[in-house]
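Novice: The following block contains a protein sequence and its predicted model.
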Amino acid sequence: MKIVAITACPTGIAHTYMAAEMLEKTAKKLGHSIKVETQGAMGIENELTKADLAAADVCILAADIAIEKPERLEKIRKLEVSVQSALKDPAGTIAKAIALR
Amino acid sequence: MVISSRLVTDTLSIQFPLSVMALFLHFTCPLKNGIHARPASVIEEFTHNLTSTITLYNNRTGTQANARSVLDMVAADVRFADACVIEVSGADEVGDKDRLQQFIGNELPSSDESVAAPITAQDQVLPRMLRNLEFTHFWGTVVVPGLARGKLVQWGVLGVSPTIPLHGERPGIDEVALVQTGLERLAAEYDDRLKHSHTALETALLKAQRAVARDPAIPSRVRQEMKTHGYTAAGAICATEQFISQQLLATGNPLLAERALDVRDVCLSLLKILYGESAITTAAALTEDSLVVAETLTPGQLLGMDRSYLKGLILTHAGTTSHTVILARSFGIPTLVQVKGIGAISPVTAILDGELGLLVTGFNDTVNRYYAMEWSRREQYNARIAGLATKPCTSAGGRVFEIAATLGTAAEGTAAFDGGAAGIGLFRTEMIFMGRAAAPTEDEQYEEYSKVVTAAQGKPVIIRTLDIGGDKPLEYLQLLAEENPFLGCRAIRLYGKLEMLFRTQIRALLRASCLGNLKIMIPMVCTTAEAQWVRQIITEEQGKLSAEGIATHPCVPVGAMIETPAAAFAIKGLSKYFDFFSIGTNDLLQYFMATDRANASVAHLYNLSEPGFLRLLQQLINEAHKHQRWIGMCGEMAGQIQYLPLLMAMGLDEVSVPCSVVPQIRDRASACDMQACEALLASALACDSANEVCSLLQAANTQLPQPILAPAQVILDVSLSNKTEVLKQLCDTLFIHGRTVQPRAVEEALWQRESTYSTAFAGGFAIPHCKSDAVTTNTLMVLRLKEPVSWTSDASEPVRVVILLAMRESDSAHAHMKVFAKLARKLMHDEFREYLTTESNPNLLCDFLRETLDLTA
């Protein structure tokens, strides 16, 4: 399964990156490929390209704030969750996203 | 007892003896603040002209009061909505009852209109730990910061001179009649003053005091004191004052507590009438660590106190710029002014919090914990800055930047040099001249100046000649009253009239000059003519001394204080007569802005951030340097940390600051990045308003870069009891290590972040963080607790390892952000968390983190 994700928390200092790491770590363990874009205090990093989005099966949007460039996600099936739930239950979050397909 | 039928229905609910022939009036107290002294005095004034005996009963408390005694009524503690009864008996009871009914319906409800509701102390924000707690505290304005603990001592407590007997009978003297006559005279005095009262406020105050003076509770208590204790009139008056004050204080109502001051004033006036002015003393001797409470205090009174016991000052009515305040600042005595609602006080141990502006008189466990943490924060901070190497700082242009101390008395000299002062940038000589019957002699002055110069051991000591005038008078000089003393004959402008006085001071200074590095500074110089005159006098006195065979330094430097715009623009000419300059910012800004900073309606114009004023300073410093003159600053601006980067960038040679802040200023100055300071100055000088400058200063970071993580930021196995204490400890540690100067603001930012959702996560970890410009240095901190604390209100796992990420808001794109991001990711791995939970050596833990996060380069 090909997953893309975006994380964005209120201050962009900690939870954006913590959630990104958790999703990457868990997806790998479950045998999925994943690319996570972070929108934190340093701006957009590891940005999802058109190609990334076109190739992806599903998207996880783990954000507590309005994200930058939301129009990119208009056409993809996506699961919207809070940063905290992605952080607390990454496996469940991934399972829910996959179920959207 | 027979109760007449007309009373039966009225009296079913009340339990007090009723007289046979009396009328009763029921009412509910309509006054929000209850019947405190002001309404009571309105009632007293009304009942004063009635012939009946009138008694007020409070059903709630079961107390009764004579309606002609303000103090009685006040003690009945009638509060809002209390059910009350008024009993009227006498020949005209029917008429008087009607009059009273009218009065209660029409006048009583509005009798307290000018009084604001009691201060609830919600006007300022308490730090998290103290919020939502019940503890007795009073807000004031901080004029000298610091933290102090001591017993509250009321200054101005009534006392009589030891020559007046308090006990015993004086043959042929009727003490009771004496007191009665005194009270009548006093009431008459108030009548007289009322006739000349111009404002409603003054009238109200005088009426309240008059009511106390003619209150029957006073003579009746005085009589009782005489009878039971064998007091004389003096003894009985003091005892009565004590008794009534304690009664008022016991109500716990701040408005009533303030009335205790009226009682004291009245008793004081009474003693003066009976025994004369000189018989009264209001001073108390300090015998243990004390916080002195006074309405106001003269510099002489302050100097007369035993400063080893004087830990703090609470001046309820003083302004922020009085000489007493200046003196307290130079002694480093934490001081609050304009403290609201305190009234008269009991001698309890209290804390003066000169950070928050609080006087705390009631304690509980949390308040005690808070202040234990505060003491520890200050001690650790002081220990760190005291341990700093005394390496010299440099200002713009590579000049040596000296941090000197400002003194008001020679006694502070040792403390100043122990604190690392590079010299004395301003020694005020006014104190030597104050509080005495005649000017000090040449020898007396010589002795005082010698003490400072000797203590300095060769370091420079700038002594300013007498700075007095209509605004700072000396009794024995009998200066003429002036319409506008601030623009009148002050400082150097007086020296021509008081030439002998000036010459004596110069002689004393010249004699002390051979003991060390003494410099003379002249205040309020405006013109070269003045400069020339001063120089001539000094030369003449030097000549005379040498003719007398008295040793002086061959060329004592003479400087001018720059405190008028005229002087600021006359540097070229003044440089011909003066060897150095020092900027007196207090007066310079007042004259520059045409503003009296003590006048509340224009004080807002007194703003050191005014860009025009900054430009004036810059051009003045440049001009002095152009003429090869050293230039320092001795006004209050010199001691205000936020301006330090600007002053250093301007190329100033020295700042002279209160002894107590010398180490702190030195700490900040040595951490300043001169390039950043110069950039900040350029932006500030280009601003159009003081507000712009203020926000610029607030957001600016002029510190030399410090590592994001140092061993001091790894704290293992501390005992703290809850999340609030943990967050405070984190911010206090930032403060101790110079990573913030506003720990409370950082704390607020952390709490704000916590309020969106808790930063606790798996494995007993929490990662509180913030983006705030209250942070001066981006910081990563690890704090591990001995016992875990709960982080959220739910039953989730308690937290043992706390990782703080404190980031400057303006640095968001900074490389440090990468470190934080990397750390955040690392924390998602069990083995990394396991290491942080178990490593027992803080240095190894720090090294490990630095390596893992690529911070070793």
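Specialist: Received, thanks. Residues are numbered from 1 along each chain as shown, chains lettered A, B, ... in the order given.
Novice: contacts and neighbour counts: CA atoms only from here.
Specialist: OK.
Novice: so who does residue B:81 touch?
Specialist: B:28, B:29, B:30, B:31 (CA atoms under 8 Å, 6 or more residues apart in numbering or on different chains).
Novice: Identify the farthest-apart pair in those residues.
Specialist: B:28 and B:31 (9.0 Å; CA to CA).
Novice: More neighbours: which of these two?
Specialist: Shown here are residue B:28 and residue B:31; by other CA atoms under 10 Å in any protein chain shown, residue B:31 has more neighbours (20 against 15).
Novice: Which helix or strand contains the spatially most central residue of chain B?
Specialist: What sits nearest the mean C-alpha location of chain B, by CA atoms, centre = their mean, is residue B:336, with 2.1 Å. If you go by DSSP states H and E, residue B:336 is part of strand B:335-337.
Novice: Check which helices and strands that strand is in contact with.
Specialist: With contacts defined as 3 or more CA pairs under 8 Å, 6 or more residues apart in numbering or on different chains; DSSP states H and E, the packing partners of strand B:335-337 are strand B:141-144, strand B:310-315, helix B:323-331.
Novice: Give me the sheet partners of it and which way each runs.
Specialist: Strand B:335-337 pairs in its sheet with strand B:141-144 (antiparallel), strand B:310-315 (parallel), by DSSP bridges.
Novice: Check which element follows the first one along the chain.
Specialist: Which is strand B:141-144. strand B:147-154.
Novice: Contacts for that following strand, please.
Specialist: Residues from elsewhere that reach strand B:147-154 (CA under 8 Å, 6+ apart): B:284, B:286, B:288-294, B:311-312, B:334, B:344-355, B:375.
Novice: list residues touching both of residue B:28 and residue B:31?
Specialist: Common contacts of residue B:28 and residue B:31 (CA under 8 Å, 6+ apart): B:80, B:81.
Novice: ok, so of the contacts of residue B:81, who is nearest residue B:221?
Specialist: residue B:29 (27.5 Å).
Novice: follow-up on the earlier one: list of residues touching the strand holding residue B:336?
Specialist: Strand B:335-337 has contacts (CA under 8 Å, 6+ apart) with B:140-146, B:312-320, B:325, B:328-329, B:352, B:354, B:357-358.
Novice: again, but for stretch A:7-23
Specialist: By CA under 8 Å, 6+ apart, stretch A:7-23 touches A:6, A:36-42, A:61-65, A:67, A:83-84, A:86-87, A:90-91, A:94, B:753, B:767, B:769-771, B:805, B:817, B:820-822, B:824-825, B:827-828.
Novice: give me that answer again for 6 Å
Specialist: Contacts with stretch A:7-23, where a contact means CA atoms under 6 Å, 6 or more residues apart in numbering or on different chains, come from A:36, A:38-41, A:62-64, A:87, A:90, B:821, B:824-825.
Novice: just the buried members of those residues?
Specialist: A:36, A:38-41, A:62-64, A:87, A:90, B:821, B:824-825 (16 or more other CA atoms under 10 Å in any protein chain shown).
Novice: Between all of those, which two are at the greatest distance?
Specialist: Checking these with CA to CA, the most distant pair is A:41 and A:90, at 22.6 Å.
Novice: For stretch B:755-772, measure first residue to last.
Specialist: By CA to CA, to the nearest Å, the extent of stretch B:755-772 from end to end equals 16 Å.
Novice: Next, the buried residues of it.
Specialist: Buried residues in stretch B:755-772, counted by 16+ other CA under 10 Å: B:758-772.
Novice: Closest one to residue B:504 out of those, please.
Specialist: Nearest to residue B:504 among these, counting by CA to CA, is residue B:772 at 56.6 Å.
Novice: Which residues of chain A lie near chain B?
Specialist: A:14, A:17, A:18, A:21, A:41, A:42 (CA under 6 Å from any CA of the partner chain).
Novice: if we go to 10 Å?
Specialist: A:10-22, A:25, A:38, A:40-43, A:64, A:84, A:87-88 (CA under 10 Å from any CA of the partner chain).
Novice: re the thing from before, nearest to residue A:48 among the strands paired with strand B:335-337 would be which one?
Specialist: Of all those, it is strand B:141-144 that lies closest to residue A:48, at 54.6 Å by CA to CA.
Novice: Could I get the CA-only coordinates of the closest one as CSV?
Specialist: Coordinates of each C-alpha in strand B:141-144 appear next as CSV, following Å, rounded to 0.1, in the frame of the first residue of the first chain:
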residue,chain,number,x,y,z
THR,B,141,3.9,49.4,42.5
VAL,B,142,7.5,48.1,42.5
VAL,B,143,10.0,50.9,42.8
VAL,B,144,12.9,48.7,44.0
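Novice: now the contacts of residue B:81 as JSON lines including secondary structure?
Specialist: Formatted as JSON lines, the contacts of residue B:81 follow (DSSP: H, G, I helix; E, B strand; the rest coil):
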{"residue": "B:28", "secondary structure": "strand"}
{"residue": "B:29", "secondary structure": "coil"}
{"residue": "B:30", "secondary structure": "coil"}
{"residue": "B:31", "secondary structure": "coil"}
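Novice: Out of the residues you listed, which are close to chain A?
Specialist: Among the contacts of residue B:81, proximity to chain A is found for none (CA under 10 Å from any CA).
Novice: wait, isn't residue B:820 in contact with residue B:771?
Specialist: No - look at residue B:820 against residue B:771 with CA atoms under 10 Å: they stay out of range, at 11.9 Å.
Novice: thinking again about what came up before, quick one: strands adjacent to the helix or strand following the strand holding residue B:336?
Specialist: Downstream of strand B:335-337, the first helix or strand assigned by DSSP H and E is strand B:349-353. Applying DSSP bridges, strand B:349-353 is found paired with strand B:147-154 (antiparallel), strand B:358-360 (antiparallel).
Novice: Quick one: neighbours of residue B:688, just the number.
Specialist: Residue B:688: 12 surrounding residues under other CA under 10 Å.
Novice: Give me the pLDDT for the closest residue to it other than its chain neighbours.
Specialist: Using CA to CA, 6 or more residues apart in numbering or on different chains and skipping residues adjacent in sequence, the residue nearest residue B:688 is residue B:611, 6.4 Å away. Each residue has a pLDDT score; the one for residue B:611 is 97.
Novice: Quick check: the gap between residue B:611 and residue B:396.
Specialist: 19 Å.
Novice: quick one: residue B:541 is in a strand?
Specialist: No - assigned with three-state DSSP, residue B:541 falls outside any strand and is helix.
Novice: how about the residue nearest to it when sequence neighbours are not counted, what does it touch?
Specialist: Nearest residue to residue B:541 in three dimensions, chain neighbours excluded: residue B:507, at 6.2 Å (CA to CA, 6+ apart). Residue B:507 makes contact with B:442, B:443, B:445, B:446, B:513, B:538, B:540, B:541, B:542, B:544, B:545, B:552, according to CA atoms under 10 Å, 6 or more residues apart in numbering or on different chains.
Novice: which strand residues sit across from residue B:401 in the sheet?
Specialist: Under the criterion DSSP bridges, residue B:401 forms beta bridges with residue B:393.
Novice: Report the separation between it and chain A.
Specialist: Distance of residue B:401 to chain A, given as CA to the nearest CA, to the nearest Å: 38 Å.
Novice: Neighbours of that residue, how many?
Specialist: What residue B:401 shows, counting by other CA under 10 Å, is a neighbour count of 23.
Novice: quick one: it from residue B:40, how far?
Specialist: Taking CA to CA, one finds residue B:401 at 62 Å from residue B:40.
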